[in-house]
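K.L.:
Give me the fold of what follows.
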Amino acid sequence: MNWKAKQRHLAQMRWKKRGHNRIEIPPVPKPVKVLEIFNNGPVIVAHNRWGEKITVPKKSAFKCPFNFIDRLEKRGFKRPGAGAYSTVLGKEGSDKVIKVSRSLDNWIDYIQWSSANGYAGNFAPRVYSWKRHPGSEPLRDWEKNNDWSVAVVERMSDTVTEPEQEMYLLMSLYYPACRGNTMAKLYMEDLCPGSYHFFKGLQKNHFASDISGKNVMIRKDGTFCVTDPTCGTIQTEKKRFRTGDLSPSVLWMSIAYGKKINQMDSATRSVAIETSLYAGR
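P.N.:
Below is the predicted model:
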């Protein structure tokens, strides 16, 4: 027996002689958590091992996009698809999905442009709302912002990725038409009227950087839609858009509006009618 073991043995003998051999040390009490409501929202009130009262903020779904996605999945939402920037979630039978952009690109700028030009609900998806949320983590050296967003978007039926699909032919004509092939332009307009002008508008406004793969889809009725053709830097400074802000173009024909169209000159009237046709009105 070495010196340390001998000293430990003597200490244990003295402890037993003093009658402490039957004393039991009580277990450490676990913190008791109680949910209370304050002016700044719900917090968890807990008592630590010494009985002191401590408060911990409740985990929020809006802290980061991953918390939000996790909360939606716990409520029964499924993932129809996901990409480099966004995750799409929805419930079976619903005609809408929730698009959670984990990192912001200029998708919302594309939606603004398409709504202003009458393409919303036609060649571009209809967006019912969009909200920007600030990031909770500090910015890294290469980041300008770490915000994220949540949008409610119309649901699509399928992607245009298989040659047997009818609209697959439209995408095979896209690149030759944009390079100046006259026959490709004519075939595009015959297959899907207005599509060539739409794609030219995407290129002119720098929204054509990612037209491929799962970013080209069709609806249940078979109509063609370019859901997310861009991956640039976000330009808008706004924090929120509602349904009225992203509605289709107001240039549509109706009985009440017919008198105003008749009062236009021939050039303006043709532009209004052509825009209303492209908007699907």
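K.L.:
For Leu170, see how far away the residue nearest to the spatial centre of the chain is.
P.N.:
Closest residue to the average C-alpha location of the chain: Val100 at 2.3 Å, with CA atoms, centre = their mean. Distance, Val100 to Leu170, using CB to CB, to the nearest Å: 29 Å. (Glycine included, C-beta is placed from N, CA and C.)
K.L.:
still on that earlier bit, now do the same contact list for the residue nearest to the centre of the chain.
P.N.:
The neighbourhood of Val100, defined by CB atoms under 8 Å, 6 or more residues apart in numbering, consists of Pro65, Phe68, Ile69, Leu72, Ser86, Thr87, Val88, Leu89, Trp148, Ser149, Val150.
K.L.:
residues in contact with the fourth one?
P.N.:
Yep, that's Leu72 we're talking about. Leu89, Ile98, Val100.
K.L.:
Check Ser103 too.
P.N.:
Tyr85, Asn146, Trp148.
K.L.:
Show the contacting residues for the nearest residue to the last one once chain neighbours are set aside.
P.N.:
To tie it back to what came earlier, the one meant is Trp148. The shortest distance from Trp148 to any non-neighbouring residue, by CB to CB, 6 or more residues apart in numbering, is to Pro65 (4.3 Å). Contacts for Pro65 (CB under 8 Å, 6+ apart) come out as Thr87, Val100, Ser101, Arg102, His133, Trp148.
K.L.:
Swap in 7 Å and give it another go.
P.N.:
Neighbour list for Pro65: Val100, Arg102, Trp148 [criterion: CB atoms under 7 Å, 6 or more residues apart in numbering].
K.L.:
between those residues, which is closest to Lys238?
P.N.:
Distances from Lys238 to these, taken as CB to CB, are shortest for Trp148 (14.9 Å).
K.L.:
wait, isn't the closest one in contact with Pro134?
P.N.:
No. In terms of CB atoms under 7 Å, Trp148 does not count as a neighbour of Pro134; the distance is 8.5 Å.
K.L.:
From the contacts of Pro65, which land in helices?
P.N.:
Counting by DSSP state H, no part of the contacts of Pro65 is found in helices.
K.L.:
Nearest to Arg18 among the contacts of Leu72?
P.N.:
Distances from Arg18 to those, taken by CB to CB, are shortest for Val100, at 65.4 Å.
K.L.:
how close does that closest one sit to Arg132?
P.N.:
In terms of CB to CB, Val100 sits 12 Å off from Arg132.
K.L.:
Can you work out which residues contact both of those two?
P.N.:
Common neighbours of Val100 and Arg132 (CB under 7 Å, 6+ apart) do not exist.
K.L.:
Mind putting the contacts of Leu72 into JSON lines with distance to Ala116?
P.N.:
JSON lines is the format used below for those (distance: CB to CB, whole Å):
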{"residue": "Leu89", "distance to Ala116": "28"}
{"residue": "Ile98", "distance to Ala116": "24"}
{"residue": "Val100", "distance to Ala116": "25"}
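K.L.:
Show me how far the longest helix anywhere in the chain is from its chain's centre.
P.N.:
Longest helix of the chain, by residue count under DSSP H: helix 3-17. Helix 3-17 has its C-alpha centroid displaced from the chain centroid by 67 Å (CA atoms, centre = their mean, to the nearest Å).
K.L.:
do the same with stretch 112-128
P.N.:
16 Å.
K.L.:
Contacts for stretch 181-200, please.
P.N.:
Outside stretch 181-200, the residues touching it (CB under 7 Å, 6+ apart) are Tyr119, Phe123, Leu169, Leu170, Leu173, Tyr174, Pro176, Ala177, Cys178, Phe224, Tyr278.
K.L.:
tell me the phi and psi of the first one?
P.N.:
Backbone dihedrals for Tyr119, given as degrees, to the nearest 10, come out at phi -100, psi -10.
K.L.:
What is the burial count for Lys238?
P.N.:
Other residues lying near Lys238 total 11 when counted by other CB atoms under 10 Å.
K.L.:
quick one: contacts for it?
P.N.:
Counted by CB under 7 Å, 6+ apart, Lys238 has zero contacts.
K.L.:
Would you check how far apart it and Leu104 are?
P.N.:
12 Å.
K.L.:
What is the lowest-pLDDT residue among the contacts of Ser103?
P.N.:
Within the set of the contacts of Ser103, pLDDT is lowest for Asn146 (83).
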